[in-house]
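Peer 1: structure, please.
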Amino acid sequence: MILFVDENDEDLRLDSFLASVTENISRSKIQELIKTGNVTVNGTNKKPSYLIKENDKIELEIPDTDISKIQPENIPLEIIYEDENMLVVNKPSGMLTHPTTQEKSETLVNALLYKFGENLSDINGEFRRGIVHRLDKNTSGLLMIAKNNKTHEYLADMIKNHNLTKKYRAIIKGVYPLDEDIINLPIGRHPTQPHKMAVVENGKESTTIVNVIERYKDATYIDITLITGRTHQIRVHLSKKGFPIFNDTLYGAGMAKVKTDEQVLQSYYLRFTKPFSDEIIELQIEPDEKIKKVLTYLKNRS
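Peer 2: Okay, here's the model as predicted:
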């Protein structure tokens with residue numbers, strides 16, 4: 001198995017990362033494989049505690065007895081766009097993008113495998129087939145999927161060089177004071193809680209543009225343009241500014257009277273160049289049910 005590290009996984013321990021992408025192999029077994037030379041990073045052996053970096057090439061040799069495949073599942077997919085090389089799906093809130101050690105079924109990858117079989121890229125391993133970028137479990141919206149490795153590399157390069165436009169809708173706690181704001185704060189892994197990200201001095205440059213759509217008594221409906229795409233970027237930036245996303249319990253919002261499955265955040269707009277052509281693809285979807293529910297609540301209160 002060959003894996004390339006993207007920015008979402010940077011600074012994770014090598015053993016933790018490999019345990020997350022091999023699913024049925026325990027972390028202790030992964031540590032054993034690393035120590036016995038079955039794992040190399042950029043052609044060299046590393047310790048299990050090595051903190052992986054973006055673009056690291058990890059090669060993992062797994063004994064046949066330890067390999068199991070993620071099972072295809074007949075889960076409906078809302079496909080917004082499709083061509084011979086890629087597709088864009090509308091991922092519902094509450095669905096994981098790919099399996100984890102805790103949840104191995106009912107993910108987007110399970111659904112993709114049922115519909116497309118082996119006709120998906122495998123650059124990021126068997127358990128992330130087709131996945132070029134991710135959305136958090138409770139963030140809904142548009143997600144690009146690669147049908148082959150050449151397209152995966154094309155889309156990953158486009159994302160890395162910021163040659164696409166991604167917009168989100170969100171409802172935040174508090175009345176945002178500026179009609180338009182540019183948040184430019186560095187983001188890295190949280191120093192004491194590795195499952196979270198944070199604004200840290202040595203983090204990666206991260207830029208989020210916020211535009212207010214409508215203000216309410218104690219909340220604001222906003223439009224967000226991502227200039228960079230760090231893990232949890234929108235959630236971290238807005239929380240740091242003192243305006244966490246509605247119902248985002250991980251980043252300090254707490255659960256409001258109107259309950260949803262966590263953060264009220266939707267990826268609703270994508271604009272990109274179709275792979276291997278000059279055609280511009282522009283996609284936009286309507287607000288999801290979670291946003292509609294909270295907006296109705298806020299308007300009725302007003």
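
Peer 1: what about the residue nearest the centre of the chain, helix or strand, and which?
Peer 2: Centroid check for the chain by C-alpha atoms, centre = their mean gives R134 as the closest residue, at 2.6 Å. For R134, there is no enclosing helix or strand under DSSP states H and E.

Peer 1: now the phi/psi pair for it, please.
Peer 2: In terms of degrees, to the nearest 10, the main-chain angles of R134 are phi -130, psi 160.

Peer 1: G188: what's its closest spatial neighbour, skipping adjacent residues?
Peer 2: Residue nearest to G188 in three dimensions, not counting chain neighbours: G203, with 3.3 Å by C-beta to C-beta, 6 or more residues apart in numbering. In short, each C-beta sits where N, CA and C put it, glycine included.

Peer 1: neighbours around the one you found, how many?
Peer 2: Neighbour count of G203, defined by other C-beta atoms under 10 Å: 17.

Peer 1: that one against P191, yeah?
Peer 2: No - G203 lies out of contact with P191 (C-beta atoms under 8 Å); the separation is 10.5 Å.

Peer 1: where do the strands sit along the stretch 101-250 of the chain?
Peer 2: 140-146, 165-173, 180-184, 187-189, 197-199, 207-215, 219-226 (DSSP state E, counting those that start in this stretch).

Peer 1: ranking the ones you listed by burial, who's on top?
Peer 2: strand 140-146 (a mean of 25; mean count of other C-beta atoms under 10 Å).

Peer 1: need the residues that contact that one.
Peer 2: Residues outside strand 140-146 that contact it (C-beta atoms under 8 Å, 6 or more residues apart in numbering) are 80, 85-93, 97, 108, 112, 120-121, 123, 130-135, 152, 154-155, 168, 265-270, 272, 283, 285, 288, 290.

Peer 1: residues contacting F127?
Peer 2: 21-23, 70, 98-99, 109.

Peer 1: also K259?
Peer 2: Applying C-beta under 8 Å, 6+ apart, the residues contacting K259 are N247.

Peer 1: helix or strand for it, which one?
Peer 2: Secondary structure (DSSP H and E) places K259 outside all helices and strands.

Peer 1: and the pLDDT at it?
Peer 2: Per-residue pLDDT puts K259 at 92.

Peer 1: ok, now how distant is it from N247?
Peer 2: For K259, the distance to N247 equals 7 Å [C-beta to C-beta, to the nearest Å].

Peer 1: ranges for the helices of the stretch 201-302 of the chain?
Peer 2: Assigned by DSSP state H, counting those that start in this stretch, the stretch 201-302 of the chain shows helices spanning 233-240, 289-301.

Peer 1: check those for me and report the most buried one.
Peer 2: Most buried among those, given mean count of other C-beta under 10 Å as the contact rule, is helix 233-240, at a mean of 24.

Peer 1: now stretch 152-172 - C-alpha only, PDB.
Peer 2: What follows is the C-alpha trace of stretch 152-172 in PDB, where atoms were taken according to Å, rounded to 0.1, in the frame of the first residue of the first chain:
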ATOM      1  CA  HIS A 152      -6.900  12.500  -8.400                       C
ATOM      2  CA  GLU A 153      -3.500  14.100  -8.900                       C
ATOM      3  CA  TYR A 154      -5.000  16.800 -11.100                       C
ATOM      4  CA  LEU A 155      -7.700  17.700  -8.500                       C
ATOM      5  CA  ALA A 156      -5.300  17.500  -5.600                       C
ATOM      6  CA  ASP A 157      -2.900  19.900  -7.400                       C
ATOM      7  CA  MET A 158      -5.800  22.200  -8.200                       C
ATOM      8  CA  ILE A 159      -6.700  22.300  -4.500                       C
ATOM      9  CA  LYS A 160      -3.200  22.800  -3.400                       C
ATOM     10  CA  ASN A 161      -2.600  25.700  -5.700                       C
ATOM     11  CA  HIS A 162      -6.000  27.300  -4.800                       C
ATOM     12  CA  ASN A 163      -7.200  27.100  -8.400                       C
ATOM     13  CA  LEU A 164     -10.900  26.500  -7.500                       C
ATOM     14  CA  THR A 165     -13.500  28.400  -5.600                       C
ATOM     15  CA  LYS A 166     -15.200  26.900  -2.600                       C
ATOM     16  CA  LYS A 167     -18.000  28.600  -0.700                       C
ATOM     17  CA  TYR A 168     -19.900  27.700   2.400                       C
ATOM     18  CA  ARG A 169     -23.000  28.800   4.300                       C
ATOM     19  CA  ALA A 170     -23.100  28.900   8.100                       C
ATOM     20  CA  ILE A 171     -25.000  30.300  11.000                       C
ATOM     21  CA  ILE A 172     -22.900  31.500  13.900                       C
END
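
Peer 1: confidence-wise, which of the contacts of F127 comes last?
Peer 2: Lowest confidence among the contacts of F127: E23, with 60.
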